[in-house]
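# This is a predicted model, with the sequence first.
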Amino acid sequence: MTQKRIAIFGSTGSIGTQALDVIAAHSDLFSAEILTAQSNDALLIKQALQFNPNIVVIGDEKKYLIVKEALASTSIKVFAGEKALEEVAGLDCYDMMLAGIVGYAGLRPTLQAVSMGKAVALANKETLVVAGDIVMQKARENRAAIIPVDSEHSAIFQCLIGEGNNQIDKIILTASGGPFLGKKPNFLVNVKRDHALQHPNWTMGAKITIDSATLMNKGLEMIEAKWLFDLTPEQIQVVIHPQSIIHSMVQFQDGSIKAQMGLPDMKLPIQYALAFPKRITNNFPRLDFKKQHALSFEEPDIKTFRNLALATEALNKGGNMPCILNAANEIVVYAFLRNRIGFLDMTEVIQQAMQKIPFIEKPTLEEYFETDGEARNFAASLIHM
Ligand code: NAD
Ligand code: MG
């Protein structure tokens, strides 16, 4: 059997390193053909020496020579810079992209992959939040399969297998609630980055961990779900489920609900997407119902976690509004991580950006790029960065 050749965009991140663990455990099924990283040259070099890919790309051009020299005795090709990421995504040497770059930076390479008709295992939810209509259209035109990696969307995808044209009443996205579940604004006003970075159930990159603490992550996931599963906003519900055992659910037209469950471990949805349509064995810990005594559910507190309300507004409004929301959010999250802005101030900046940046109902790709830039500049100007 031939190996599936995987291009891991963002190989040094939380998703990327776990994807490489999956590949290492199943080297008969998968090979890593392309590895990319933004700035962690040391880890990229180590991964390249272990997995012997065809190509590596380092985003930060200042690190090109370090990577090039470290790999000089190998046949691995080394490229650097943002443009190279997009160009490499357009090459023929791989079968599936694992889109594991964080944020808007993942959009262009992912769009390039779907334009080439490549299968994409999609972790980078921001790609669909920013330009979901264009990405899905390109995927349809070029018969590029997009298999979600985000655990909620993987759950929904799995629930829909075998359902053909059966109507969906709604999907129910579960949210852990993050580290500040049950807290009120008088507490949140004083929250600092180190506390916000302590997620109860998942270990992830810094950006998504902050998004989980503010519930913006669930808002982005609502928009991601709309595009992946062709849903109306009314068909998307969020419920808080602190144990993160049910990864999400689908309710069908007859009222029946399917759920996908498991311990919170991103390796499972990563492996599922890489191996799809096959399920393959692994030694991941199993859920034991004799030890899992309770699964509980509650309504999200959108008066306190207003980012979720703002994301719902962007979902309803459509056009470039989710792109504005995402761009402003990226700016405030990195400002918060650098202690430049308070936890609750993040919402204020995003809201002002949504009011200020001109609304476009049916943006072109170029207009999405422009919107992103404008919203970033505006948000940054409010923080005096
Ligand atoms: P991370 O910060 O751990 O890793 C990000 C990766 O992207 C790194 O390899 C980094 O080098 C690269 N990168 C960062 N900025 C870049 C840029 N400007 N240009 C090119 N490459 C860049 O992030 P993560 O937690 O692995 O998340 C990756 C994506 O997957 C995000 O979109 C996130 O929302 C999504 N996701 C992550 C998890 C998780 O458990 N970590 C779960 C679901 C979805
Ligand atoms: Mg998720």
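Arrived safely, thanks for sending. Ligands and ions are numbered 1, 2, ... in the order given.
# Over to residue 132. Which of the three states is it?
helix (DSSP: H, G, I helix; E, B strand; the rest coil).
# That one touches residue 229, doesn't it?
No: the pair residue 132 / residue 229 is not scored as a contact, 11.1 Å apart, by CB atoms under 8 Å. The C-beta positions use only the backbone N, C-alpha and C, and glycine is treated the same way.
# what about the two, which has more around it?
residue 132 (20 against 17; other CB atoms under 10 Å).
# how close does that one get to residue 220?
According to CB to CB, to the nearest Å, residue 132 stands 11 Å off from residue 220.
# Looks like residue 298 contacts residue 243 (just checking).
No: in this structure, residue 298 is not within contact of residue 243 by CB under 8 Å, at 11.8 Å.
# neighbour-wise, which of these two wins?
residue 243 (18 against 13).
# what does the stretch 51-200 of the chain put close to ligand 1?
59, 85, 100-102, 105, 123-126, 150 (CB under 6 Å from any ligand atom).
# ok, now with 8 Å
Within the stretch 51-200 of the chain, the positions adjacent to ligand 1 are 59, 82, 85, 99-103, 105-106, 123-127, 149-151 by CB under 8 Å from any ligand atom.
# The stretch 251-385 of the chain now?
When proximity is defined by CB under 8 Å from any ligand atom, the stretch 251-385 of the chain lies next to ligand 1 at 266, 269.
# how about the strands in the stretch 251-385 of the chain?
257-261 (DSSP state E, counting those that start in this stretch).
# Bridged to residue 79, which residues?
Going by DSSP bridges, residue 79 is paired in beta bridges with residue 57.
# Just to check, it is in contact with residue 53?
No: the pair residue 79 / residue 53 is not scored as a contact, 11.8 Å apart, by CB under 8 Å.
# what about the residue in the chain that ligand 1 sits nearest to, neighbour count?
As assessed by CB to the nearest ligand atom, ligand 1 sits closest to residue 13 within the chain, at 1.9 Å. Number of residues near residue 13 (other CB under 10 Å) recorded here: 24.
# same deal with residue 154?
Residue 154: 26 neighbours (other CB under 10 Å).
# got the buried residues for the strand or helix carrying it?
According to DSSP states H and E, residue 154 maps onto helix 151-160. Buried positions in helix 151-160, judged by neighbour count with 16 or more other CB atoms under 10 Å: 151-160.
# Stretch 161-174 too?
The neighbour-count check on stretch 161-174 (16+ other CB under 10 Å) flags 168-174 as buried.
# residues touching the closest residue to residue 212 other than its chain neighbours, list them.
In this structure, residue 212 finds its nearest non-sequential neighbour in residue 178, 4.5 Å apart by CB to CB, 6 or more residues apart in numbering. By CB atoms under 8 Å, 6 or more residues apart in numbering, the residues touching residue 178 are 199-200, 212-215, 217.
# did I read that right, residue 178 in a helix?
No: under three-state DSSP, residue 178 sits outside any helix and is assigned coil.
# and the residue of the chain most remote from its centre, what is it in contact with?
Seen from the C-alpha centroid of the chain, the residue lying at the greatest distance (CA atoms, centre = their mean) is residue 73, 34.9 Å away. Residues near residue 73 by CB under 8 Å, 6+ apart: none.
# 51 is where my numbering starts, stick with that
With 51 as the first residue, the last one maps to residue 123.
# So it, which state does it fall into?
Residue 123 - assigned by three-state DSSP - is coil.
# That one and residue 315: what is the separation?
36 Å.
# which helices and strands does the one helix or strand in the chain whose mean pLDDT sits lowest pack with?
When each helix and strand of the chain is scored by mean pLDDT, DSSP states H and E, helix 243-246 comes last, with a mean of 94. Judged by 3 or more CB pairs under 8 Å, 6 or more residues apart in numbering; DSSP states H and E, helix 243-246 is in contact with helix 256-264, helix 371-387.
# Pick the most buried one from these.
Among those, helix 371-387 has the highest mean neighbour count (mean count of other CB atoms under 10 Å), at a mean of 26.
# CA-only coordinates of that helix in PDB, if you can.
This file holds the C-alpha atoms of helix 371-387, laid out as PDB (Å, rounded to 0.1, in the frame of the first residue of the first chain):
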ATOM      1  CA  MET A 371     -18.400  40.900   9.300                       C
ATOM      2  CA  PRO A 372     -16.800  37.600  10.400                       C
ATOM      3  CA  CYS A 373     -13.500  38.700   8.800                       C
ATOM      4  CA  ILE A 374     -13.700  42.000  10.800                       C
ATOM      5  CA  LEU A 375     -14.400  40.000  14.000                       C
ATOM      6  CA  ASN A 376     -11.500  37.700  13.300                       C
ATOM      7  CA  ALA A 377      -9.000  40.400  12.500                       C
ATOM      8  CA  ALA A 378      -9.800  42.500  15.500                       C
ATOM      9  CA  ASN A 379      -9.800  39.400  17.700                       C
ATOM     10  CA  GLU A 380      -6.300  38.400  16.500                       C
ATOM     11  CA  ILE A 381      -5.000  41.900  17.400                       C
ATOM     12  CA  VAL A 382      -6.500  41.900  20.800                       C
ATOM     13  CA  VAL A 383      -5.500  38.400  21.700                       C
ATOM     14  CA  TYR A 384      -1.900  39.100  20.900                       C
ATOM     15  CA  ALA A 385      -2.100  42.400  22.800                       C
ATOM     16  CA  PHE A 386      -3.600  40.500  25.800                       C
ATOM     17  CA  LEU A 387      -0.800  37.900  25.700                       C
END
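# gap between it and the chain center?
Chain-centre distance of helix 371-387: 14 Å, with CA atoms, centre = their mean, to the nearest Å.
# now stretch 327-341
Using CA atoms, centre = their mean, the offset of stretch 327-341 from its chain centre is 23 Å.
# And the residue farthest from the centre of the chain, how far from residue 325?
In this view, residue 123 and residue 325 are 33 Å apart by CB to CB.
# Alongside ligand 2, which residues does the protein contribute?
200-202 (CB under 5 Å from the ion).
# residues in contact with the closest residue to residue 395 other than its chain neighbours?
Leaving out its chain neighbours, the residue that sits closest to residue 395 by CB to CB, 6+ apart is residue 382, at 7.4 Å. By CB under 8 Å, 6+ apart, residue 382 lies in contact with 391, 395-396, 399-400, 429, 433.
# That's all I had, so thanks and see you.
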